[in-house]
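# here's a sequence, model it:
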Amino acid sequence: MKVYLRLLFAFVSLGILAFCVIAVHFIWSNQIEPERELQSQVNELKKLPKIKVDHGSHLYEQALSLIRAEELLGGIEKLHELI
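Sure, this is the predicted structure:
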């Protein structure tokens with residue numbers, strides 16, 4: 001009888017161990033690995049050269065030229081467009 005209990009305990013232990021291995025594999029493949037791939041893609045995007053774009057420089061230069069030409073209202077309106 002003791003031998004059968006030991007065999008039963010061994011099979012139950014192996015079943016629990018197999019379940020734990022399957023659970024760890026499932027968590028690793030569905031949560032950890034995609035996050036690592038996403039992080040590597042983010043790092044590749046960070047390495048790309050950055051393009052400096054200034055969208056307000058054109059309006060700012062127009063505003064300054066209007067102010068220098070003593071058209072204060074037009075210059076102030078252009079500055080407000082920047083805001």
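# what's L48 sitting at in phi/psi?
For L48, the backbone dihedrals (degrees, to the nearest 10) come out as phi -60, psi 150.
# now do the contacts for it.
Not one residue lies near L48 by Cβ atoms under 8 Å, 6 or more residues apart in numbering. No exception for glycine: its C-beta is placed from N, CA and C like everyone else's.
# okay, it: pLDDT?
Here the pLDDT value assigned to L48 is 89.
# against E37, how distant is it?
The spacing between L48 and E37, counted by Cβ to Cβ, to the nearest Å, is 18 Å.
# just the mean pLDDT for the lengthiest helix in the chain, thanks.
Assignment by DSSP state H gives helix 2-27 as the longest helix of the chain. Average pLDDT, helix 2-27: 94.
# now the angle from whichever helix or strand comes after it to helix 2-27?
Going down the chain from helix 2-27, the next helix or strand is helix 33-47, by DSSP states H and E. Between helix 33-47 and helix 2-27, the angle comes out at 30 degrees (axes from the mean of the first three to the mean of the last three Cα atoms, to 10 degrees).
# quickly list the domain ranges of this structure.
The chain breaks down into these domains under automatic domain parsing: 1-49, 52-83.
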